[in-house]
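Participant: Model the structure of this input:
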Amino acid sequence: MARNVLILAPSRGPVAHAAELAARSGEEVGLVLTSIDLGREKVSGGRIEEERDYAGITASALDEPVFIGSAIAQLAGHCETVIVDGLERWIERVVERFPDDPIERDAEVLSLLSVMQARMADLLLIARPALPLAAVARELLMRALDLAKKHADEVITLDR
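Facilitator: Sure, this is the predicted structure:
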């Protein structure tokens, strides 16, 4: 059965740990990178999946700053493991995309929880909750993490 793992880390360190865990799950690894700026999203054809090196493993990567639930589902169609790096930047982008719409922000959090419940692939979620965030983003991240912990099979806290 697919597992949900939440990796909480300081600003550095979780990438190598997540890559090591992903390598144990199988050869096909998906990667959702959330740090792309909204203005740099690929508009032609939407998300573009491409192979990238991620801490020494090859991953099918998607740059997706907001709609990570659908990105996870897309990659889970052919990957044994999907890594999401990182939830804190995702929350920043969600707040930026929907600055005056808490219902849309909550819908994105529920989208993440939905794919966690579906267990389509092993899911490794990286969050760096100590990074500085605006108050609205901080509150949404803490709420999202509390909900994700309820659906996680394992929560790993890295101290470095």
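
Participant: For the one helix or strand in the chain whose mean pLDDT sits lowest, buried residues please.
Facilitator: The weakest-scoring helix or strand in the chain, judged by mean pLDDT, DSSP states H and E, is helix 14-25 (a mean of 75). Across helix 14-25, burial judged by 16 or more other Cβ atoms under 10 Å covers 14, 15, 17, 18, 19, 21, 22, 25. C-betas here are computed from N, CA, C, even on glycine.

Participant: and if you look at stretch 22-41?
Facilitator: Residues 22, 25, 28, 29, 30, 31, 32, 33, 34, 36 are the ones in stretch 22-41 that count as buried (16+ other Cβ under 10 Å).

Participant: which ones among the residues you listed are found in strands?
Facilitator: Within the buried residues of stretch 22-41, membership in strands is found for 29, 30, 31, 32, 33, as judged by DSSP state E.

Participant: Relative to residue 121, how far out is the closest residue to the second one other than its chain neighbours?
Facilitator: Just to be clear, that refers to residue 30. In space, not counting the residues next to it along the chain, residue 30 is nearest to residue 75; the distance is 2.9 Å by Cβ to Cβ, 6 or more residues apart in numbering. Separation of residue 75 from residue 121 (Cβ to Cβ, to the nearest Å): 7 Å.

Participant: do the same with residue 11
Facilitator: Taking Cβ to Cβ as the measure, residue 11 falls 27 Å from residue 121.

Participant: Just want to know which of the two has more residues nearby.
Facilitator: Per other Cβ atoms under 10 Å, whichever of residue 11 and residue 121 has more neighbours is residue 121, with 25 against 11.

Participant: out of everything not next to it in sequence, what's closest to that one?
Facilitator: Distances taken as Cβ to Cβ, 6+ apart place residue 76 nearest to residue 121, at 3.9 Å, with adjacent residues excluded.

Participant: what residues are up against that neighbour?
Facilitator: For residue 76, the set of contacting residues under the criterion of Cβ atoms under 8 Å, 6 or more residues apart in numbering consists of 30, 82, 115, 120, 121, 123.
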